[in-house]
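Participant: no sequence on this one, just coordinates:
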């Protein structure tokens, strides 16, 4: 959607164009103080802009946890453990955010590394055929542990190193 289609006063649209803020997604993600500084609009104009811009962005319908539980149309990533996948109704659900918590040394990092490998598998093997992003908030990325997991992972999946899958190359670290 373009700025002109938003139900805003022309002076706000002109100020946005002058400041080169014409992307609605960017406007919604930019702080009110930054927009005010760039456009010289009043705080009430910026509040109106944020409200109108945010309401123009389409959002998926809201689902309750019970609806998600009963739905069977979600994509899942295998944990690599058939028992755990069965308990999770197919693996880790890809819609939304899954928080993994537990005591120290309970296997959280191990599970995350396994998921980083599993997500790269094709769909018929429980993956998505995609890369992974590992966000480490407390320590350095456990690259040694990952490299220890790769050979048994490839062996379990009956994948030769010469195959197209190079799991260590598709994990991005933040």
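Facilitator: That came through fine. A quick note: this is a predicted structure, and the numbers were derived from the prediction, not measured.
Participant: can you pull the contacts of the residue lying closest to residue 9 once chain neighbours are set aside?
Facilitator: Computed as CB to CB, 6 or more residues apart in numbering, the closest residue to residue 9 that is not its neighbour in sequence is residue 45, at 7.9 Å. Every residue, glycine included, has its C-beta placed from N, CA and C. Applying CB atoms under 8 Å, 6 or more residues apart in numbering, we find residue 45 in contact with 9, 12, 15.
Participant: next: residue 41.
Facilitator: 12, 15, 35, 49.
Participant: and the third one, what element?
Facilitator: What that stands for is residue 35. helix 32-39 (DSSP states H and E).
Participant: may I see the buried residues of that helix?
Facilitator: 35-36, 38-39 (16 or more other CB atoms under 10 Å).
Participant: pick the one among the residues you listed closest to residue 100.
Facilitator: Relative to residue 100, the closest of the buried residues of helix 32-39 is residue 35; by CB to CB it sits at 36.3 Å.
Participant: surely residue 141 and residue 133 touch.
Facilitator: No: using CB atoms under 8 Å, residue 141 is not in contact with residue 133; the gap is 11.2 Å.
Participant: looking at the two, which one has more neighbours?
Facilitator: residue 141 (15 against 11; other CB atoms under 10 Å).
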